[in-house]
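**Q** 3D, please:
(2 chains)
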Number of protein chains: 2
Amino acid sequence: MSQSFSSFIPPTRVLMGPGPSDVYPQVLEALSRPTIGHLDPKFVDLMDEVKQLLQYAFQTNNALTMPISAPGSAGMEAVFVNLVEPGDKVIVCQNGVFGGRMQQNVQRCGGQAIMVQDEWGKPTDLNKVREALQANPDAKALAFVHAETSTGVLNDAKALCQIAKEFDCLSIVDAVTSLGGSELKVDDWHIDAIYSGTQKCLSCVPGLSPVSFSEKAIEVIKHRKHPVQSWFLDMDLVMGYWGKGTKRAYHHTAPVNSIYALHESLLILQQEGLEHAWARHHQNHLSLKSGLDKLGLELVVEQKYRLPQLNTVRIPNGVDDGQVRSRLLNEFNLEIGAGLGTLAGKVWRIGLMGCGSSQKNVDYCLSSLEAVLG
Amino acid sequence: MSQSFSSFIPPTRVLMGPGPSDVYPQVLEALSRPTIGHLDPKFVDLMDEVKQLLQYAFQTNNALTMPISAPGSAGMEAVFVNLVEPGDKVIVCQNGVFGGRMQQNVQRCGGQAIMVQDEWGKPTDLNKVREALQANPDAKALAFVHAETSTGVLNDAKALCQIAKEFDCLSIVDAVTSLGGSELKVDDWHIDAIYSGTQKCLSCVPGLSPVSFSEKAIEVIKHRKHPVQSWFLDMDLVMGYWGKGTKRAYHHTAPVNSIYALHESLLILQQEGLEHAWARHHQNHLSLKSGLDKLGLELVVEQKYRLPQLNTVRIPNGVDDGQVRSRLLNEFNLEIGAGLGTLAGKVWRIGLMGCGSSQKNVDYCLSSLEAVLG
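**A** Down below sits the predicted model:
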């Protein structure tokens, strides 16, 4: 090989986009501890702690609570491939990018996705969901995104799960951006299957996807007619490794160091306390909102549905989207997010997630924006 | 949450099992550098370097060469779900655990796996493969494991790919344990699709799966009749992010820090030189073999098919498998591997992979084994 490269030293950014968010220094330190075997008894003990800490973060007693060894999109796929069989009907709520990804997942499992569409930037309309379920009494599941990272909308997960329960449907919840940042109660709200990511409000590195399945969901998996189409994500096989007891069957090699990091980030969450973390995310959102007002910048989402950890700001007329983001990155080492899909070019997405949800970050973002917007 | 945990400090092990192997300290250091965004221009530059370094490691000019954001089993699945459609016939060679996993993958894609079985611990018989292809002229692909980690056999990848070519079949190669440890030439050998892992001879942390697809394989993917059943592993979507140019479409959030680590481990491989790395793995294997002889311990695999980086040792009569491995772990912090499948309880698997392939490790393993076996 002719070309020779050198070690990569990343710039030190302030990550205020849609994720990854800034990672706790303690988490980076944990990440770099010496690798041990994925069947080492010390690692098996660590896996048990991670499960318990995730149960706390999700507010659940579900035994099947663990991290999938891949990013959030794989967590989404793990939920759908295990619960959906060919011919199954799933009601999918879409009011942003990730509802569309759920639709793709249902279809690729051979299922039928009945879409409940709402405008991007608006919450899912509960009445439409109810109508869809009335029109499709054979629907197996209701799937929706709790915190739509593409628009900054917080959907009413509690009410949606209540509706699913009324219609005796499984509830499937995307909590990639809500876990650790917004109120989320898996057991109290009767959520049947949920997935998240590590790179948002947990302030851990990207690459893992915590999931949890209720007993009801496990029963559905146990009584499948067809094998799960993914070998890697087949929960029955995964649980041979992540299951109870000291005897763990080899399935795949766990991403050992990433699990160290997740453990550390969950410890930090436990030490702060979930309710305090939720309140902090809310408080810093209010502070950002007040500063944006002073700069004459508007949020896209109506106040009562705003996601505190992901703030979608309308780009003022005449302002060059790409140029502003480039200048923030190059002159201030500050990353904010671009709009996705129908919102591309129209909005910026400002994340206040995990340890990045701080008054310091709010101030830095506001002063940098002010400098660039002149 | 009532129970309170503390930070996890792993024991310092010497990893001489089937992987993960010991990780280079420089790789752990790279892993813990500050996270940046997965669309940050600096990260996009890093992705390009990683692709070039992987092309070197695989000895290929394939444009579609990149790491899948999940472990080797997901890399295997990425190859099968993209290349196999319902009804396709695939000849799968099995002489250990991982050929069986390939079979599972073919079947879960709706394909038909025609198995060529050989005894565990013996190499795949080329004549049987030829016969299977003669009997199934409509086979789309020939799939086999280059380095069978479960048995310590190195299959003749070059000859197998030559046979695939004669029969105008795609060749699919599992190189999880061979990449960086044994001669492997993707272009010269006409390999169409290959996947590996980071936690073996690259001495990187577990969690990523480098893959490479030939132009011929890409044409097959482009002309699929059915959508790829996995959204997460759909190479057409993945390439929107990992593809050429500076414009990268968001697909999933890349495991940024793991990519730092992979980059660093590939730099180390480049600096050593592939041929030197292969020779070192061979040399340390010979040294281990000579020491095992002195201890009266036998290798399972015949000399000419032995995998230098994974040595399968017959457990002497009357010796307690579990007790020996426990004592090595607890008294010497040394991990060696247990047997899998039909070899469970009958063999140990001693890995000499990546930076773990050293005279120091050979000596430590031999002296520890000697102490424990008395």
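
**Q** Could you use CA atoms for every contact and neighbour count after this?
**A** Noted.

**Q** Was I right to think residue A:274 contacts residue A:57?
**A** Yes: the criterion here is C-alpha atoms under 8 Å, and residue A:274 meets it with residue A:57 at 7.0 Å.

**Q** which neighbours do those two share?
**A** residue A:180 (C-alpha atoms under 8 Å, 6 or more residues apart in numbering or on different chains).

**Q** Specify the local secondary structure of residue A:293.
**A** helix (DSSP: H, G, I helix; E, B strand; the rest coil).

**Q** Outside of the lowest-mean-pLDDT helix or strand in chain A itself, list whatever touches it.
**A** Every helix and strand in chain A was compared by mean pLDDT, DSSP states H and E; the lowest is helix A:235-242, with a mean of 91. Contact with helix A:235-242 is made by A:47, A:64, A:66, A:78, A:82, A:231, A:232, A:248, A:249, A:250, A:251, as judged by C-alpha under 8 Å, 6+ apart.

**Q** again, but for stretch A:308-321
**A** Residues contacting stretch A:308-321 (C-alpha under 8 Å, 6+ apart): A:18, A:149, A:151-152, A:177, A:181-182, A:201, A:281-282, A:284-286, A:297-301, A:338, A:345-353, A:357.

**Q** center of chain A, which residue is that?
**A** residue A:176 (0.7 Å; C-alpha atoms, centre = their mean).

**Q** Any part of stretch A:178-197 near chain B?
**A** No: Stretch A:178-197 is not in contact with chain B by C-alpha under 8 Å from any C-alpha of the partner chain; minimum separation 9.4 Å.

**Q** how far does that stretch stretch from start to finish?
**A** 9 Å (C-alpha to C-alpha, to the nearest Å).

**Q** for stretch A:224-236, same thing?
**A** 11 Å.

**Q** ends of stretch A:347-367, how far apart?
**A** 19 Å.

**Q** Kindly apply the preceding question to stretch A:199-215 instead.
**A** 27 Å.

**Q** That one: which residues count as buried?
**A** Going by neighbour count (16 or more other C-alpha atoms under 10 Å in any protein chain shown), the buried part of stretch A:199-215 is A:199-214.

**Q** Pull up the residues of the stretch 251-374 of chain A that are close to chain B.
**A** A:252, A:253, A:254, A:255, A:256, A:257, A:260, A:263, A:264, A:267, A:270, A:335.

**Q** Distance of the last one relative to residue A:361?
**A** Spelled out, that is residue A:335. Residue A:335 is 11 Å from residue A:361, by C-alpha to C-alpha.

**Q** now swap in the first one and tell me
**A** Counting by C-alpha to C-alpha, the gap from residue A:252 to residue A:361 is 39 Å.

**Q** Equivalent analysis for the second one, please.
**A** Note on residue A:253: its distance to residue A:361, by C-alpha to C-alpha, is 37 Å.

**Q** The fifth one too?
**A** Applying C-alpha to C-alpha, the value for residue A:256 to residue A:361 is 31 Å.

**Q** now, which of the buried residues of stretch A:199-215 lie close to chain B?
**A** Answer for those near chain B (C-alpha under 8 Å from any C-alpha): A:205, A:206, A:207.

**Q** Export the residues you listed as JSON lines, with columns for distance to residue B:312 and pLDDT.
**A** Putting those into JSON lines (distance: C-alpha to C-alpha, whole Å; pLDDT from 0 to 100) gives the following:
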{"residue": "A:205", "distance to residue B:312": "36", "pLDDT": "98"}
{"residue": "A:206", "distance to residue B:312": "36", "pLDDT": "98"}
{"residue": "A:207", "distance to residue B:312": "33", "pLDDT": "98"}
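
**Q** ok so, going back, who's in contact with the residue nearest to the centre of chain A?
**A** Counted by C-alpha under 8 Å, 6+ apart, residue A:176 has contacts A:72, A:147, A:195, A:196, A:197, A:198, A:200.

**Q** Okay, and which of those map to helices?
**A** Judged by DSSP state H, these include residue A:72 as members of helices.

**Q** How are the helices of the stretch 201-350 of chain A distributed by residue range?
**A** Remark: helices assigned in the stretch 201-350 of chain A by DSSP state H, counting those that start in this stretch are A:215-222, A:235-242, A:256-272, A:274-294, A:321-332.

**Q** which intervals of chain A have sub-threshold pLDDT?
**A** Chain A contains residues with pLDDT under 70 at A:1-2, A:245-246.

**Q** And it, split by domain according to the record?
**A** Here the domain assignment for chain A is A:14-20+A:274-373, A:25-270, based on automatic domain parsing.

**Q** most packed of these?
**A** Between the domains of chain A, domain A:25-270 has the highest mean count of neighbours, a mean of 22, where neighbours are mean count of other C-alpha atoms under 10 Å in any protein chain shown.

**Q** Would you pull up how far that domain lies from the middle of the chain?
**A** Averaging C-alpha positions (C-alpha atoms, centre = their mean, to the nearest Å) puts domain A:25-270 9 Å from its chain's average.

**Q** now the end-to-end length of stretch A:178-190.
**A** 16 Å.

**Q** contacts for that stretch?
**A** So stretch A:178-190 is in contact with A:57-61, A:146-147, A:157-158, A:161-162, A:165, A:171, A:192, A:196, A:201-202, A:269, A:274-275, A:277-278, A:281, A:308-309, A:353-354, going by C-alpha under 8 Å, 6+ apart.

**Q** Cross those against strands and list the overlap.
**A** Those of the contacts of stretch A:178-190 mapping onto strands are A:147, A:171, per DSSP state E.

**Q** Can I take it that residue A:137 is in a strand?
**A** No: counting by three-state DSSP, residue A:137 is not part of a strand but coil.

**Q** Distance-wise, check it relative to chain B.
**A** Distance from residue A:137 to chain B, counting by C-alpha to the nearest C-alpha, to the nearest Å: 27 Å.

**Q** Do I have it right that that residue meets residue A:168?
**A** No: applying C-alpha under 8 Å, one finds residue A:137 not in contact with residue A:168, separated by 9.0 Å.

**Q** what residues are up against residue A:262?
**A** Taking C-alpha under 8 Å, 6+ apart, one finds A:27, A:50, A:198, A:204, A:205 in contact with residue A:262.

**Q** how about a cut-off of 7 Å?
**A** By C-alpha atoms under 7 Å, 6 or more residues apart in numbering or on different chains, the contact set of residue A:262 is residue A:204.
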